[in-house]
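Q: Give me the fold of what follows.
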Amino acid sequence: MSEFYTVSEIRPSDRRSLAEVDALLAAEGIRRDKNLDYTCGLFDEDYNLVGTGSCFGSTLRCLAVSREHQGEGLMNRIVTELVNEEFRRGNTHLFVYTKCSSAFFFRDLGFHELVRVEDQVVFLENRRDGFRSALAKWKQETGAFLKAHGPEPHTLAAYTPEKHGAASGPAEAWAPAGQTQAGAQEKPVGAIVMNANPFTLGHRHLVEQAAAACSLVHLFLLSEDRSLVPFAVRKKLVLEGTRDLPNVLLHESGPYIISGATFPSYFQRDSAAVIESHARLDLEIFSRIAAELGITRRYVGEEPFSEVTGIYNRIMQEALPQRGVDCVVVSRKAADAGRPISASDVRLALKTGDFEALKALVPESTLRFFQSPEAAPVLENIRAAENVIHY
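A: Numbers count the residues shown, from 1 in each chain. Take a look at the predicted model:
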């Protein structure tokens, strides 16, 4: 048995080594994930691949050691290499999605279990207080928001976490907005999770429906920069597009509200299993957020084009009420021709330069941005994309 191993990067052009990676992963019942930005291999002295692991963003994934070499501590070497690579990139807050049967190994390497969906997936992070810190931040922002607004109406533009102290020191104690005035009709506290790539009239319709029915709406905007429209622009457009709705509070999602683009699929048997695992994991995390912020209702948009979202919405409607959160599916707003508005159609119009069609699909603030010189890099990115239709 060889005791000499080397770890080295496997580049996308190294087809021979990638074929070995695929074979090694398949032997462990997993497959190479479609979302990877770094892969390494552990080779013996004859340059045979005996282990592998990969990264995507701040997540570790696709880890395996050949059965002939298990028990030699080689997985530790692979994880160490991946962690070092992440640190070289400036990523110090790391995450792992793994099968339930493998979770113990990562706990031994300093990862802490955040949430588990039995027989499907475990989500771990390398910070013991990571999720607690995120909850404290959202609660802080909420306290500052309510304090800034008081009993009189304000606009969202009047509030920023920095201006009102949410970023420095704990906010004062607060209660969910529906409970703040004795004798007043109590309204639920709502939540929306969106990517808004970019912000459309459909998104605006969803937010309007929630804002009209709720005392406060927590709008969680997916903050990972994996979309054609960068996060900074998406945030700007959502803020401008909801400026007149005084009870809407925007939060950056951070790494805990997981987008479909970053959820791993490598240890799932098929696409339906991936969707279900993603949905149930997301809902376990969201339920904890809801309990902390007093959220009792989640709003989602109907999705006539996407089987993925259809499955996701069905699971939410089944699982959220069991956790004390109603799930409200809002019918999609249609454009003039009767077709439901989608961000994919907006991106297609931007790609082809059809600003006339865009007028019926987006708020005036979104249209104004894309007609401005500031939008030039974003438009260039969209026009260069091979595919802008994402389901």
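Q: where's the nearest residue to residue 149 once chain neighbours are set aside relative to residue 314, distance?
A: Counting by CB to CB, 6 or more residues apart in numbering, residue 149 lies nearest to residue 246, which is 6.7 Å off, once chain neighbours are set aside. For the C-beta atoms, the positions are set from N, CA and C on the backbone; glycine is no exception. Counting by CB to CB, to the nearest Å, the separation of residue 246 from residue 314 is 33 Å.
Q: Repeat that for residue 88.
A: Counting by CB to CB, the gap from residue 88 to residue 314 is 42 Å.
Q: Okay, now the unreliable bits of this protein?
A: Within the chain, the stretches with pLDDT under 70 are 1-3, 150-185, 258-271, 274, 304-307, 390-391.
Q: picking that back up, who has more neighbours out of residue 246 and residue 314?
A: Taking neighbours as other CB atoms under 10 Å, residue 246 and residue 314 compare with residue 246 leading, 18 against 15.
Q: what kind of secondary structure is that one in?
A: coil (DSSP: H, G, I helix; E, B strand; the rest coil).
Q: Kindly report the same for residue 76.
A: Residue 76 ends up helix, using three-state DSSP.
Q: Start the count at 291 instead of 1 going forward.
A: Sure thing, new numbering starts at 291, so read that last one as residue 366.
Q: Can you name the residues that contact it?
A: For residue 366, the contact set (CB atoms under 8 Å, 6 or more residues apart in numbering) comprises residue 399.
Q: again with the one 10 residues further on
A: If a contact means CB under 8 Å, 6+ apart, then residue 376 has 345, 348, 350, 382, 384 as its contacts.
Q: Looking at those, spot the one nearest residue 317.
A: Taking CB to CB as the measure, residue 317 sits nearest to residue 350 out of the contacts of residue 376, at 19.5 Å.
Q: Got the phi and psi for that closest one?
A: phi -100, psi 140 (degrees, to the nearest 10).
Q: cool, and residue 400?
A: phi 100, psi 10.
Q: Let me see the domain layout of this structure.
A: The chain is divided into the following domains under automatic domain parsing: 296-382, 421-674.
Q: who wins for proximity to residue 389 among the ones you listed?
A: Closest among the domains of the chain, using CB to CB: domain 421-674, at 5.2 Å.
Q: That closest one: how far from the chain's middle?
A: Relative to the mean C-alpha coordinate of its chain, domain 421-674 is positioned 11 Å out (CA atoms, centre = their mean, to the nearest Å).
Q: how far does that domain stretch from start to finish?
A: End-to-end distance for domain 421-674, by CA to CA, to the nearest Å: 37 Å.
Q: repeat for stretch 637-656
A: Across stretch 637-656, the terminal residues are separated by 12 Å (CA to CA).
Q: Same question for stretch 618-632.
A: End to end - CA to CA - stretch 618-632 spans 19 Å.
Q: In it, which residues have enough neighbours to count as buried?
A: By neighbour count on 16 or more other CB atoms under 10 Å, the buried set for stretch 618-632 is 618, 620, 622, 623, 625, 630, 631, 632.
Q: and residue 299, how far is that from residue 657?
A: 44 Å.
Q: elements contacting the helix or strand containing residue 310?
A: Element membership of residue 310, judged by DSSP states H and E, is helix 305-317. The contact analysis (3 or more CB pairs under 8 Å, 6 or more residues apart in numbering; DSSP states H and E) places helix 305-317 against strand 328-333, strand 339-346, strand 349-355.
Q: Between strand 328-333 and the last one, find me the angle.
A: With axes from the mean of the first three to the mean of the last three CA atoms, to 10 degrees as the criterion, the two stretches strand 349-355 and strand 328-333 enclose an angle of 20 degrees.
Q: Quick check: neighbours of strand 349-355 in the sheet, parallel or antiparallel?
A: strand 339-346 (antiparallel), strand 385-388 (parallel) (DSSP bridges).
Q: and it, how far out from the chain's middle?
A: On CA atoms, centre = their mean, the centre of strand 349-355 falls 20 Å from the chain's centre.
Q: now do the first one
A: Distance of strand 328-333 from its chain centroid, counting by CA atoms, centre = their mean, is 27 Å.
Q: I'd assumed residue 519 was in a helix, is it?
A: No. Counting by three-state DSSP, residue 519 is located in no helix; its state is coil.
Q: right, and it touches residue 669 too?
A: No. With contact defined as CB atoms under 8 Å, residue 519 does not reach residue 669; the gap is 9.9 Å.
Q: who has more neighbours, these two?
A: The neighbour count for residue 519 versus residue 669, taken as other CB under 10 Å, is higher for residue 519 (27 against 16).
Q: OK, contacts around that one?
A: Here residue 519 is in contact with 486, 487, 488, 527, 668, 672 (CB under 8 Å, 6+ apart).
Q: Would you mind measuring from it to residue 346?
A: 20 Å.
Q: same deal with residue 388?
A: 14 Å.
Q: what does residue 352 give?
A: Separation of residue 352 from residue 346 (CB to CB) stands at 9 Å.
Q: Now do residue 653 against residue 515, distance only.
A: For residue 653, the distance to residue 515 - CB to CB - is 22 Å.
Q: neighbour-wise, which of those two wins?
A: residue 653 (18 against 11).
Q: could the domains of the chain go into TSV alongside distance to residue 405?
A: Below are the domains of the chain laid out as TSV (distance: least, CB to CB, whole Å):
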stretch	distance to residue 405
domain 296-382	14
domain 421-674	4
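Q: Out of those domains, which gets nearest to residue 403?
A: That would be domain 421-674 among these, by CB to CB, at 10.6 Å.
Q: Tell me, how many residues neighbour residue 534?
A: 12.
Q: re the thing from before, are any of the contacts of residue 376 buried, and if so which?
A: 345, 348, 350, 384.
Q: Can you tell me how far residue 572 is from residue 359?
A: 35 Å.
Q: Residue 295: what's it in contact with?
A: 332, 333, 334, 335, 340, 364, 367.
Q: just the CA coordinates of the longest helix seen in the chain, formatted as CSV?
A: Identified as the longest helix of the chain according to DSSP state H is helix 561-583. C-alpha atoms of helix 561-583 as CSV (Å, rounded to 0.1, in the frame of the first residue of the first chain):
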residue,chain,number,x,y,z
SER,A,561,-34.0,16.1,-10.3
ALA,A,562,-37.2,15.7,-8.3
ALA,A,563,-35.2,14.5,-5.3
VAL,A,564,-32.9,17.6,-5.6
ILE,A,565,-35.9,19.9,-5.6
GLU,A,566,-37.5,18.2,-2.6
SER,A,567,-34.3,18.2,-0.6
HIS,A,568,-33.7,21.8,-1.4
ALA,A,569,-37.3,22.8,-0.4
ARG,A,570,-37.3,20.8,2.8
LEU,A,571,-33.9,22.1,3.9
ASP,A,572,-34.8,25.7,3.1
LEU,A,573,-38.1,25.3,5.0
GLU,A,574,-36.3,24.0,8.1
ILE,A,575,-34.1,27.0,8.1
PHE,A,576,-36.9,29.4,7.2
SER,A,577,-39.0,28.1,10.1
ARG,A,578,-36.3,29.1,12.5
ILE,A,579,-36.1,32.5,11.0
ALA,A,580,-39.9,32.8,11.2
ALA,A,581,-40.0,31.9,14.8
GLU,A,582,-37.4,34.5,15.7
LEU,A,583,-39.0,37.3,13.7
